[in-house]
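In: Need coordinates for the below:
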Amino acid sequence: MTTIAELPAGFADKVLSAQSTFRSVMDAMARPGSIQQIAVATGAPSPLMRGSAAIALTLFDHDTPVWLDPAMSGTSDVTKWLKFHTGAPVIADPSICLFALIGDPRALPALDRFAFGSNEYPDRSTTLILQVESLADGCDFELRGPGIAGTAVLQATIEPADLFDRLAINAALCPRGIDVVLVADDAIVAIPRTTRIAAKGD
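Out: Now for the predicted structure:
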């Protein structure tokens with residue numbers, strides 16, 4: 001059993017590292033499909049990737065309930081690390097979480113298990129932080145929507161294979177919906193609820 005003293009450290013410089021990570025996340029959200037690098041170093045318990053850990057340290061706090069998939073919650077180290085470094089409550093009900101950490105995207109639950117927000121409070125929805133194999137090669141995904149001039153092409157290896165088909169539900173839910181941040185090590189790509197897939201191919 002890992003003790004608190006044995007948990008990986010968080011940010012070396014909390015303020016500057018959080019500011020840098022926040023800018024990377026905001027740039028990713030403003031330019032869907034663009035790859036942004038998390039430039040700060042952070043310790044992270046397995047299976048949490050460095051990018052996911054930095055996002056958690058930056059965006060999670062005691063007011064942001066977090067749901068962990070079985071891959072993340074299979075060891076108590078991730079839960080302990082999150083609670084110690086962020087104070088975020090780790091909850092069992094995904095329908096009320098603001099963030100969901102997905103370590104095994106192939107087993108991603110149906111999206112209707114998460115919070116879509118409401119017309120009055122669309123921000124009270126779940127943001128999925130989805131760890132993927134690669135954001136550098138794989139299938140080509142052509143994206144359209146706000147923040148994209150024409151189309152953007154994302155080449156990535158993403159599970160589940162039907163992720164974008166599932167996210168098509170966002171069009172009917174507007175302004176509600178699910179936002180997604182894809183993470184591969186220290187690289188991130190945001191897929192906001194307003195982004196649509198135009199085509200994909202091998």
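In: Take the top strand by length along the chain, keep the C-alpha atoms, and write them as PDB.
Out: For the chain, the longest strand by residue count, based on DSSP state E, is strand 134-144. Output of strand 134-144 as PDB, limited to C-alpha atoms (Å, rounded to 0.1, in the frame of the first residue of the first chain):
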ATOM      1  CA  SER A 134      -1.300   8.400 -30.100                       C
ATOM      2  CA  LEU A 135      -2.000  12.000 -31.300                       C
ATOM      3  CA  ALA A 136       0.700  11.800 -33.900                       C
ATOM      4  CA  ASP A 137      -0.300   8.900 -36.200                       C
ATOM      5  CA  GLY A 138      -3.200   6.700 -37.000                       C
ATOM      6  CA  CYS A 139      -6.500   7.500 -38.700                       C
ATOM      7  CA  ASP A 140      -7.200  10.900 -40.200                       C
ATOM      8  CA  PHE A 141     -10.100  12.700 -38.600                       C
ATOM      9  CA  GLU A 142     -11.400  15.800 -40.300                       C
ATOM     10  CA  LEU A 143     -13.000  18.300 -38.000                       C
ATOM     11  CA  ARG A 144     -15.300  21.300 -38.400                       C
END
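In: Show me what that strand pairs with in its sheet, parallel or antiparallel.
Out: Strand 134-144 sits in its sheet next to strand 152-157 (antiparallel), strand 196-201 (antiparallel), going by DSSP bridges.
In: next structured bit after the first one?
Out: What it means is strand 152-157. Next along the chain after strand 152-157, taking DSSP states H and E as the criterion, comes helix 163-167.
In: The protein: strands as residue ranges?
Out: Using DSSP E, strands in the chain cover 36-37, 66-68, 90-91, 99-102, 127-131, 134-144, 152-157, 179-184, 187-191, 196-201.
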